[in-house]
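1. how would this look folded up:
(2 chains)
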There are 2 protein chains.
Amino acid sequence: MIEDSHPGLAAVSWRGDWDGSLLLLDQTRLPLEIVQLDCQELAQAREAIVQLRVRGAPAIGIAAAYATLLALRPFAAQQSVDSAVLRSIHTDLEHLGTSRPTAVNLFWALERMRLVIAAAAAATPTVASLGRWMLAEARKIHEEDRQMCHAIGRYGASLIEDGMGLLTHCNTGGLATAEYGTALSAFFTAQDQGKEFQVYVDETRPLLQGARLTAWELMQREVPCTLICDSMAAQVMREGKVQAVFVGADRITARGDTANKIGTYGLAVQAKHHGVPFYVAAPSSTFDLSLEWGSDIPIEQRQEGEITEAFGKRTAPRGVRVYNPAFDVTPAELITALITEKGIVRPVTQSHIRELLAGP
Amino acid sequence: MIEDSHPGLAAVSWRGDWDGSLLLLDQTRLPLEIVQLDCQELAQAREAIVQLRVRGAPAIGIAAAYATLLALRPFAAQQSVDSAVLRSIHTDLEHLGTSRPTAVNLFWALERMRLVIAAAAAATPTVASLGRWMLAEARKIHEEDRQMCHAIGRYGASLIEDGMGLLTHCNTGGLATAEYGTALSAFFTAQDQGKEFQVYVDETRPLLQGARLTAWELMQREVPCTLICDSMAAQVMREGKVQAVFVGADRITARGDTANKIGTYGLAVQAKHHGVPFYVAAPSSTFDLSLEWGSDIPIEQRQEGEITEAFGKRTAPRGVRVYNPAFDVTPAELITALITEKGIVRPVTQSHIRELLAGP
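-> Model (predicted):
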């Protein structure tokens, strides 16, 4: 489990038996304070998801899976599962499902838990036994994500050589997933293999996930890193300090066009100009084969306050017009390779993607 | 004069006769407050320069020229210039010259004022007459900069057409110069000519001169503008919203390589990728023909706090390593044209630059 390999770094973990509690690293307090929330009631877990104390699609799914156990906990003193217990749990799960309206992993994890609750309720009459089935399923969801991150990491690390300078954008590490993350998993795995390298971290305006989270994660795991503003990446490349760029993905189309945090596309253009390989690391679940072109991906526009007063202080004129796209799309032509848990797609073509996804 | 065309916007102005006072727009209070400092003593003017209340090389030079009058002011009640008056003024000017150690325009303006003081003292015996000579010279320095900015603006505006989307970085407007600025002068002049266009403003991390100053200047003069994070520029270009990029310059080499605010080079790479013209606007005094290649320009490294806690709140882990180059260098090959008060250099070659600078 995560907590064994590096205690205190796990975004999500479960303490104790099925009637234990959900531990969440409060990401809103990072990087200045390391605060672990011990959620003993479902309402606390739900609040943590709503308030982005836990964030990143996989991490939210894992947290939600464990949180279902907190719905059972009020009945821990009761011997047998009756319809009142099941009704209560299902009502709680419905409510939990409304905590982040667009989090696909959240719905998916809750659906898996509903299925196991139904199967367990049919098979066993006791609350304790239902709890153990549920905990086993939540741990399975957690472990599957962990294994997937490690697989991505192994493929990614194969592209990293001693002495390289690497550059990354936003946060794609263990804070958003189980343990190792996606793009950062390549770095952590390469480090485990004894490779020595250096990471440049884009601060990632407007919300500074790079400065607040990625730099923190890399420092916690003692990966040498240097923080830069997003606008400095081209200069760092020009100085010959970067031999590869690794980023994550929010959605990848059938031809390989990739939506990711705003700023990714500009980095890809700069990487191409400097002849630096540009790698996208993401689980195969990130592919959306229903879309062919990146231009089909809708780009979320976010609140202007993220740009005009993101740091507790207004830094732009009142009334200024703001454009704040949350994502951009990098066309497949600018991506050197896609790194997934199933292998590496290189060059990035529709047929290569189809082959990889059809594989085991 | 500036204050006539748009009162309240002038970074620097002089009120009254030679025994009047120096008005400075306090740029540290922008964009949230418009505070005009009325400096009646030299110490106030010096403090304003030290504290960056007035900034931008030309604006500092103009402010320093006027500030020399504040050195004469204590003797306003006195009839004739004696050696005590001249000694006092020269001591004050020495001290003023230490307010910004690297500001070339400051030294240059003070030297011009010293020459006129010497000439006046030799020609006329009265304090009032010395004051009038000095005020005339300071106004001349101011007016020369104003004319130069307008000439740059006229050449720059010739490259702007109705309906264009334009993009700029950092602050190159009237706040840093007399009235119109350099790159922004192209926008203001095009607006005066009745052209309709739209400006995207990079916020310009780390110090946010785009968000704090450029957006404010454009809004004050009612030029339609939209604020973006630096990392969004490539996406805005990809969406077809930008038909030209206009930036300023800190130093330009004999072959046209241009040092400017960090982020400029990355923008130039993105502009080239999207086939968008990339224009650099700067006075001919910005050229340093003693250097041929941009790699010969030393890049100032600045304090890490600008990145880790620029907005009154720490946003990165304590102890994180930071790389904070203040400038980058854009090679001549990425610059479509150089816009100066003497004309436009296009294409940007060493011989074209030499011809332009040799001209009238």
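2. what count of nearby residues applies to residue A:296?
-> Neighbour count for residue A:296, taken as other C-beta atoms under 10 Å in any protein chain shown: 14. C-betas here are computed from N, CA, C, even on glycine.
3. return the residues in contact with it.
-> Residues in contact with residue A:296 (C-beta atoms under 8 Å, 6 or more residues apart in numbering or on different chains) are residue A:253.
4. which residues touch the nearest residue to residue A:338 once chain neighbours are set aside?
-> In this structure, residue A:338 finds its nearest non-sequential neighbour in residue A:345, 4.1 Å apart by C-beta to C-beta, 6 or more residues apart in numbering or on different chains. Going by C-beta under 8 Å, 6+ apart, residue A:345 touches A:256, A:337, A:338, A:352, A:353, A:356.
5. could you do residue A:44 as well?
-> Residue A:44 touches A:37, A:70, counting by C-beta under 8 Å, 6+ apart.
6. that one looks like it's in a strand, true?
-> No: using DSSP: H, G, I helix; E, B strand; the rest coil, the assignment for residue A:44 is helix, not a strand.
7. residue A:113 versus that one, what's the distance?
-> 18 Å (C-beta to C-beta, to the nearest Å).
8. how many neighbours does residue A:273 have?
-> Residue A:273 has 18 neighbours, counted by other C-beta under 10 Å.
9. just checking, it touches residue B:268?
-> No: counting by C-beta atoms under 8 Å, residue A:273 does not reach residue B:268; the two are 9.6 Å apart.
10. ok, the nearest residue to residue A:161 once chain neighbours are set aside - contacts?
-> Closest residue in space to residue A:161, ignoring its immediate chain neighbours: residue A:195 at 7.0 Å, by C-beta to C-beta, 6+ apart. Shown in contact with residue A:195 (C-beta under 8 Å, 6+ apart): A:157, A:160, A:161, A:162.
11. could you rerun that using 10 Å?
-> Each residue near residue A:195 by C-beta atoms under 10 Å, 6 or more residues apart in numbering or on different chains is listed here: A:157, A:160, A:161, A:162, A:163, A:164, A:187, A:189.
12. and if you look at residue A:52?
-> Contacts of residue A:52 (C-beta under 10 Å, 6+ apart): A:26, A:27, A:28, A:60, A:100, A:207.
13. which of the residues you listed lies closest to residue A:37?
-> residue A:26 (5.4 Å; C-beta to C-beta).
14. residue contacts, the closest one?
-> Contacts of residue A:26 (C-beta under 10 Å, 6+ apart): A:11, A:33, A:34, A:35, A:36, A:37, A:48, A:51, A:52, A:53, A:54.
15. give me the buried subset of those.
-> The neighbour-count criterion (16 or more other C-beta atoms under 10 Å in any protein chain shown) marks A:11, A:37, A:48, A:53, A:54 among these as buried.
16. which one of those is nearest to residue A:108?
-> residue A:54 (15.9 Å).
17. what is the burial count for residue A:16?
-> For residue A:16, the tally of surrounding residues (other C-beta under 10 Å) stands at 10.
18. kindly apply the preceding question to residue A:161 instead.
-> By other C-beta under 10 Å, neighbour count at residue A:161 equals 13.
19. any idea which helix or strand carries it?
-> Secondary structure assignment for residue A:161, by DSSP states H and E: no helix or strand.
20. state the pLDDT value of the residue of chain A positioned farthest from its centre.
-> The outermost residue of chain A, judged against the average C-alpha position, is residue A:79 (38.0 Å), by C-alpha atoms, centre = their mean. pLDDT, residue A:79: 93.
21. in contact with it, which residues?
-> Contacts for residue A:79 (C-beta under 10 Å, 6+ apart) come out as A:125, A:126, A:127, A:128.
22. make it 8 Å
-> A:126, A:127.
23. go on, residue A:163?
-> By C-beta under 8 Å, 6+ apart, the neighbours of residue A:163 are A:196, A:197.
24. list the helices and strands whatever helix or strand residue A:151 lives in packs on?
-> For residue A:151, the enclosing helix or strand under DSSP H and E is helix A:127-157. If contacts are counted by 3 or more C-beta pairs under 8 Å, 6 or more residues apart in numbering or on different chains; DSSP states H and E, helix A:127-157 sits against strand A:12-15, helix A:57-72, helix A:104-123, helix A:183-192, strand A:278-281, strand A:337-340.
25. any chance of those in CSV, plus distance to residue B:295 and mean pLDDT?
-> Listed next are the helices and strands packed on helix A:127-157 as CSV, based on distance: least, C-beta to C-beta, whole Å; pLDDT from 0 to 100:
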stretch, distance to residue B:295, mean pLDDT
strand A:12-15, 48, 96
helix A:57-72, 44, 95
helix A:104-123, 48, 92
helix A:183-192, 30, 98
strand A:278-281, 25, 98
strand A:337-340, 32, 98
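26. including mean neighbour count, could the ones you listed go into TSV?
-> Formatted as TSV, the helices and strands packed on helix A:127-157 follow (neighbours: other C-beta atoms under 10 Å in any protein chain shown):
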stretch	mean neighbour count
strand A:12-15	23
helix A:57-72	27
helix A:104-123	17
helix A:183-192	25
strand A:278-281	26
strand A:337-340	27
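27. out of those, which is closest to residue B:307?
-> Minimum separation from residue B:307 across these (C-beta to C-beta) falls at helix A:183-192, 20.3 Å.
28. how about residues contacting the closest one?
-> Contacts of helix A:183-192 (C-beta under 8 Å, 6+ apart): A:149-150, A:152-157, A:159-160, A:166, A:168, A:171-174, A:180-181, A:197, A:199, A:214, A:217-218, A:221-223, A:246-248, A:279-281, A:339.
29. just the buried ones from these?
-> A:149-150, A:152-157, A:159-160, A:166, A:168, A:171-174, A:180-181, A:197, A:199, A:214, A:217-218, A:221, A:223, A:246-248, A:279-281, A:339.
30. may I have the secondary structure class of the closest residue to residue A:229 other than its chain neighbours?
-> Counting by C-beta to C-beta, 6+ apart, residue A:229 lies nearest to residue B:205, which is 4.2 Å off, once chain neighbours are set aside. Under three-state DSSP, the three-state class of residue B:205 is coil.
31. can you tell me how far residue B:205 sits from residue B:182?
-> From residue B:205 across to residue B:182, the span is 21 Å (C-beta to C-beta).
32. so those two - more neighbours on which side?
-> residue B:182 (29 against 24).
33. right, and the more buried one touches residue B:172 too?
-> Yes: at 4.7 Å, residue B:182 counts as touching residue B:172 under the criterion of C-beta under 8 Å.
34. any common contacting residues for the two?
-> B:248, B:281.
35. how about the helices in the stretch 201-350 of chain A?
-> In the stretch 201-350 of chain A, the helices defined using DSSP state H, counting those that start in this stretch lie at A:209, A:215-220, A:233-238, A:264-274, A:305-308, A:350-358.
36. now the ones you listed in JSON lines, with distance to residue B:292 and mean pLDDT?
-> Listed next are these as JSON lines, based on distance: least, C-beta to C-beta, whole Å; pLDDT from 0 to 100:
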{"stretch": "helix A:209", "distance to residue B:292": "41", "mean pLDDT": "93"}
{"stretch": "helix A:215-220", "distance to residue B:292": "38", "mean pLDDT": "96"}
{"stretch": "helix A:233-238", "distance to residue B:292": "18", "mean pLDDT": "98"}
{"stretch": "helix A:264-274", "distance to residue B:292": "22", "mean pLDDT": "98"}
{"stretch": "helix A:305-308", "distance to residue B:292": "39", "mean pLDDT": "93"}
{"stretch": "helix A:350-358", "distance to residue B:292": "46", "mean pLDDT": "96"}
